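Colleague: Predicted model follows, preceded by the sequence.
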Amino acid sequence: MDQSVAIQETLTTEENCVIAVECVSLLDGVKNSRLLGLVHHNHEHAIFIYGHRRMPITGDDVTLDDILPISYDFSVVEVSSPDELAVLGADTRVRVTYLAEELELRLPFGSQARLFLSEVNRAWSDACEQYPEVKPQFDWLAKYRKVSKGARSLKKSLPSLTSRSSVMSRSKRSEKSRADDKQEQKGRDGPQESQDRSRGDVRDELIRPTQPMLSNKDQMLGMPQFGLRDNLIKCELLKNEDVYTYIQNYSFFLGTYNVNGQNAQESLSPWLGSTSNPPDFYLVGFQELDLSKEAFLFNDTPKEPEWMLAVYKGLHPDAKYALVKLVRLVGIMLLMYVKAEHAAHISEVEAECVGTGVMGRMGNKGAVALRFRFHNSDICVVNSHLAAHTEEFERRNQDFKDICRRMQFEQQDPALPPLTIMKHNVVLWLGDLNYRISDLDAEHVKDLIAKKDFESLYNHDQLKRQMDEETVFVGFTEGEIDFQPTYKYDTGSDQWDTSEKCRVPAWCDRILWRGKNVKQHHYKSHMSLKSSDHKPVSCLLEIGIKMVNEESYKRKFEEIVRYIDRLENDCIPSVSVSQSEFHFKDVKFMENQVQTVTVCNEGLVPCQFEFIQKLDEPAYCKPWLTAIPAKGFLAQGASVDIDLEVFVNHSTAPGLNSGQQQLEDILILHLERGKDYFISITGSYLPSCFGSSLSTLCLLRAPIQDMNLDTIRDLTVKSKSQASDSEPQDIPKEIRMMVDHLFRYAKKQEDLFQQPGLRTEFQEIRDCLDTGSLDTLPGSNHSVAEALLLFLEALPEPVVPFSFYQRCIESCSDSSQCRQIVSALPQCHKNVFNNLTAFIQELLKHSAHNRLDINILASVFAGLLLRSPTKQDLVEKRKAREFFQHFLVLSPSDGGLHNELCG
């Protein structure tokens, strides 16, 4: 998750958040979750420290606590203990110092923390190089100090920054002049020596590198390399991996447990310690760790350490284990333990999470994942909690696909593209997948369970059916299920659900794997644990890990180097491209099309390829086009399939609808030390009401796809000049159709505008609106609601036109002025605004059923109806919400609008 976006929303247009990272601050023994952002202004940098209770997704989710200017008086030193340094994957503890103030932080292990520290180091180095010729001013920080909470005293020094410059100049000049003499000693000092340096010494290195020292050749393969030659050698090593590796088996214990928000009251030993021999690895996943509203809205729960301790106590007693990593998204948590003797052979540990819950981003549903390299094998572990309810299997399928698409791990070499889940030798997937038993009632299911006829029951399992149809988990394997369903029980017992809902028993909790050299030893549930309405499940796997033979590796390495030496100057890279022209027919809004080009290395040497920018263009392709992968390496004789994806969204649809843009582009495929190849992309776009202006749609009497493109263009021009031969409609028929549907069928719909709809249903709704093929909209209420939001987001000119934006922001606290502004809007815009606000007022009357309130609805709609023509900062977002809230309270003048809506 890119959390710099949340910070950027709190900044003005003059500042830029370079990178952000979550951390934990350690102050007087108290731990607090914090978000750090490296903020750049001209040639100056500062670290902004934000508090956050909820997940930092937008600017509304964070509060500025402190600001640390990066100047000569700034330092960062790693203070991890020897025990922490011994465990690969452990978090990094650093001490941040500015003047006389100190702050200790714990940064999560991974590439994001490394990149953050690297960028901070670069900013500090730049500040030192410029000093004393360029004296830091930091005047731009004054406006942020006014809104910061002031939780710490670090910012007390800020007012005197400018006045201190002359003092710093005199006291530090002699130290600055000694910096060049110390460059030869850079990197020689250990971490303890770095901590013991006095503040008067010039520091050779801002922070000790977080990457571990390599003890064998197999770990070297995972380290970033620079330059074409090194990448060619690495490519050849990977190609010839079988020559210098052999397989050795290790045991992996996988466990999943939906704890239903309960406390860790009982021992987990019957589950985690159930194997006769201690496993080499533990990968333990939990779901519904905390069901409280606070945990749902804020990514913080006291139950994390409670369950973490319970896991540690429950591990097999005959071995010593080290915690490699913990990752959690709301109630979804994954822990990885390894035998202490194996820790030195684990590298490249990365953690990521994907939320698929409310509006496709919240973490009540979704997945957390870890990836790591053990010896010479890459392993990815996913713990997911998919959508609930028996009938929602398509939603579960969509969640799985979204997780696979959005879960990406940064590589240690930032020049390399991120790794997806499937780009690993072994993938282990566990969790509450929520697939149910279909076509059987509860009594029939219980009867089959009593007879232990699990085979007959399994034939009705939704996951089995979806895997048989190759809809999800293609290439995955699940062991034979010979245990009774793990859901749903009365809490504290082995009795099936006796509540009013009387859930049909189901195998919700599953463990699957993908990859070679994997053998299952057991797959079972653990009935003795009774604190939840689920039963925990475990699976013991024996996985063949690729080990490196040092002598064979050395011989192959030297052979490859000699081979590269011979070819390097004599051979020019050459590839063949399967196709140079691609046409995408009938492209639709928010519906991607993919075609594949195959690039084959026909030369005598491995090559490096990349799509490059054309002259005077900001990117290698138009915004509606993506090439995946956009760069990479090809061994001699190897080939790669590159997906060319066309996807039209809210930002690109307006230009295509109006005819100002076409689906035309040329990609330039560049070979390092070779020639360029040109790939032509064309396509036809089907015009849509999504991305068309309100004024144009009001002039359309027929569905937009019944009109030819020239007519649409003429109407677009006439709508701008307000010169039309026919009387426009009051509001676009598309908006009227969606709002009328929701008014009739969804006023009492729980979590409306918060729960996402199905992508396939949105496409049906879009086609219905664009073609007029149906009199009533298809799909669920949630899908129609999401379609309405997407429609508003795609408007090229928002409901409140850009020219009115500043007046709205300035008058946000005055209800009367706000209403005067709306009364002056262009007629079709005013009609749409009034129609939507009347509908929202009606929703609020049924808040007892739909669980909506004025704050939720204002947050959802304000940013869509009142958009900034430029970048909108956090203050303006709050003012926009305040402006819109005035219209959600029913006034006497709104009565006519309400009657019109009801009529």
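Modeller: Okay, I see it.

Colleague: and residue 391, how many neighbours does it have?
Modeller: For residue 391, the tally of surrounding residues (other CB atoms under 10 Å) stands at 8. Every C-beta, even on glycine, is put in place using the N, C-alpha and C of the backbone.

Colleague: so what's it up against?
Modeller: Going by CB atoms under 8 Å, 6 or more residues apart in numbering, residue 391 touches no other residue.

Colleague: Against residue 435, how distant is it?
Modeller: Distance, residue 391 to residue 435, using CB to CB, to the nearest Å: 12 Å.

Colleague: and what of residue 587?
Modeller: From residue 587 to residue 435 the distance is 33 Å (CB to CB).

Colleague: Those two: who's more crowded?
Modeller: Per other CB under 10 Å, whichever of residue 587 and residue 435 has more neighbours is residue 435, with 24 against 18.

Colleague: Let's verify the more buried one: helix, strand, or coil?
Modeller: Per DSSP: H, G, I helix; E, B strand; the rest coil, the local secondary structure of residue 435 is coil.

Colleague: so who does residue 775 touch?
Modeller: Residue 775 neighbours (CB under 8 Å, 6+ apart): none.

Colleague: Next, give phi and psi for it.
Modeller: phi -80, psi -20 (degrees, to the nearest 10).

Colleague: can you check residue 328 too?
Modeller: phi -140, psi 140.

Colleague: That one contacts residue 287, doesn't it?
Modeller: No - counting by CB atoms under 8 Å, residue 287 is not a contact partner of residue 328; they are 10.9 Å apart.

Colleague: Please say which of those two ends up with more neighbours.
Modeller: residue 287 (27 against 24).

Colleague: For residue 533, see how far away that one is.
Modeller: 12 Å.

Colleague: shared neighbours of those two, which are they?
Modeller: Shared contacts of residue 287 and residue 533, counting by CB under 8 Å, 6+ apart, come down to residue 258.

Colleague: Could you list the buried residues of stretch 626-635?
Modeller: Of all the residues in stretch 626-635, those buried under the rule 16 or more other CB atoms under 10 Å are 626-627, 630-635.

Colleague: actually stretch 782-802, not the one I typed
Modeller: Buried, per 16+ other CB under 10 Å, within stretch 782-802: 782-801.

Colleague: got it, and stretch 764-778?
Modeller: 764-770, 772, 777-778.

Colleague: just the residues you listed now: which is nearest residue 826?
Modeller: Relative to residue 826, the closest of the buried residues of stretch 764-778 is residue 769; by CB to CB it sits at 22.2 Å.

Colleague: Run through the stretch 201-350 of the chain and note the low-pLDDT ranges.
Modeller: Along the stretch 201-350 of the chain, segments meeting pLDDT under 70 span 201-229, 231, 293-300.

Colleague: mind listing the helices for it?
Modeller: For the stretch 201-350 of the chain, helices defined by DSSP state H, counting those that start in this stretch occupy the ranges 217-220, 228-239, 241-244, 269-272, 293-297, 303-314.

Colleague: tell me which residues in the lengthiest strand in the chain are buried?
Modeller: Criterion DSSP state E: the longest strand present in the chain is strand 245-258. Neighbour-count burial for strand 245-258 flags 245, 250-258 (criterion: 16+ other CB under 10 Å).

Colleague: elements contacting that strand?
Modeller: helix 269-272, strand 281-287, strand 377-385, strand 426-432, strand 509-515, strand 537-548 (3 or more CB pairs under 8 Å, 6 or more residues apart in numbering; DSSP states H and E).

Colleague: go again using 7 Å as the cut-off
Modeller: Contacts defined by 3 or more CB pairs under 7 Å, 6 or more residues apart in numbering; DSSP states H and E place strand 245-258 against strand 281-287, strand 426-432, strand 509-515, strand 537-548.

Colleague: Parallel or antiparallel, list what pairs with it.
Modeller: Strand pairing for strand 245-258, determined by DSSP bridges: strand 281-287 (parallel), strand 537-548 (antiparallel).

Colleague: Any buried residues in stretch 430-442, and which?
Modeller: So stretch 430-442, judged by 16+ other CB under 10 Å, has buried residues 430-437, 440.

Colleague: isn't there a helix covering residue 554?
Modeller: Yes - according to three-state DSSP, residue 554 belongs to a helix.

Colleague: Around it, how many other residues sit close by?
Modeller: 12.

Colleague: ok, it - contacts?
Modeller: Residues near residue 554 by CB atoms under 7 Å, 6 or more residues apart in numbering: none.

Colleague: mind checking pLDDT for it?
Modeller: With respect to pLDDT, residue 554 has a value of 91.

Colleague: Can you name the two of the buried residues of strand 245-258 that sit furthest apart?
Modeller: 245 and 258 (38.3 Å).

Colleague: just the CA coordinates of stretch 647-659, formatted as CSV?
Modeller: Only the C-alpha atoms of stretch 647-659 are listed here, as CSV (Å, rounded to 0.1, in the frame of the first residue of the first chain):
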residue,chain,number,x,y,z
PHE,A,647,-8.0,-0.1,-19.8
VAL,A,648,-10.1,3.1,-20.0
ASN,A,649,-10.9,4.6,-16.6
HIS,A,650,-12.4,7.9,-15.4
SER,A,651,-9.3,9.9,-16.3
THR,A,652,-9.1,8.7,-20.0
ALA,A,653,-12.7,8.2,-20.9
PRO,A,654,-13.7,11.9,-21.3
GLY,A,655,-11.2,12.5,-24.1
LEU,A,656,-12.2,9.3,-25.9
ASN,A,657,-15.9,10.0,-25.6
SER,A,658,-15.5,13.5,-27.0
GLY,A,659,-13.3,12.4,-29.9
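
Colleague: what distance separates it from the middle of the whole chain?
Modeller: Computed by CA atoms, centre = their mean, to the nearest Å, the chain-centroid distance of stretch 647-659 equals 25 Å.

Colleague: Report the buried residues of it.
Modeller: Here stretch 647-659 shows 647-650, 652-659 as buried, counting by 16+ other CB under 10 Å.

Colleague: now stretch 554-569
Modeller: Result for stretch 554-569 [16+ other CB under 10 Å]: buried residues 556-557, 560, 564.

Colleague: how distant is it from the center of its chain?
Modeller: Per CA atoms, centre = their mean, the centroid offset for stretch 554-569 relative to its chain is 40 Å.

Colleague: Please apply the same query to stretch 404-417.
Modeller: In terms of CA atoms, centre = their mean, the centre of stretch 404-417 is found 12 Å from the chain centre.

Colleague: per-residue confidence averaged over that stretch?
Modeller: 81.

Colleague: Show the end-to-end separation of that stretch, please.
Modeller: Distance between the two ends of stretch 404-417: 16 Å, counting by CA to CA, to the nearest Å.

Colleague: going forward, begin numbering at 346 instead of 1
Modeller: In the new count, where the first residue is 346, that last one comes out as stretch 749-762.

Colleague: In it, which residues have enough neighbours to count as buried?
Modeller: For stretch 749-762, by 16+ other CB under 10 Å, it's 749, 751-758, 761.

Colleague: got a list of what the closest residue to residue 1126 other than its chain neighbours touches?
Modeller: Excluding the flanking residues, the one nearest residue 1126 by CB to CB, 6 or more residues apart in numbering is residue 1091, at 3.9 Å. Counting by CB under 7 Å, 6+ apart, residue 1091 touches 1097, 1126, 1130.

Colleague: how close does residue 1091 sit to residue 795?
Modeller: Residue 1091 is 42 Å from residue 795, by CB to CB.

Colleague: before we move on, the earlier item: now the buried residues of stretch 971-980 as TSV including secondary structure and distance to residue 953?
Modeller: Below are the buried residues of stretch 971-980 laid out as TSV (DSSP: H, G, I helix; E, B strand; the rest coil; distance: CB to CB, whole Å):
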residue	secondary structure	distance to residue 953
971	strand	20
972	strand	15
975	coil	12
976	strand	8
977	strand	8
978	strand	5
979	strand	8
980	coil	11
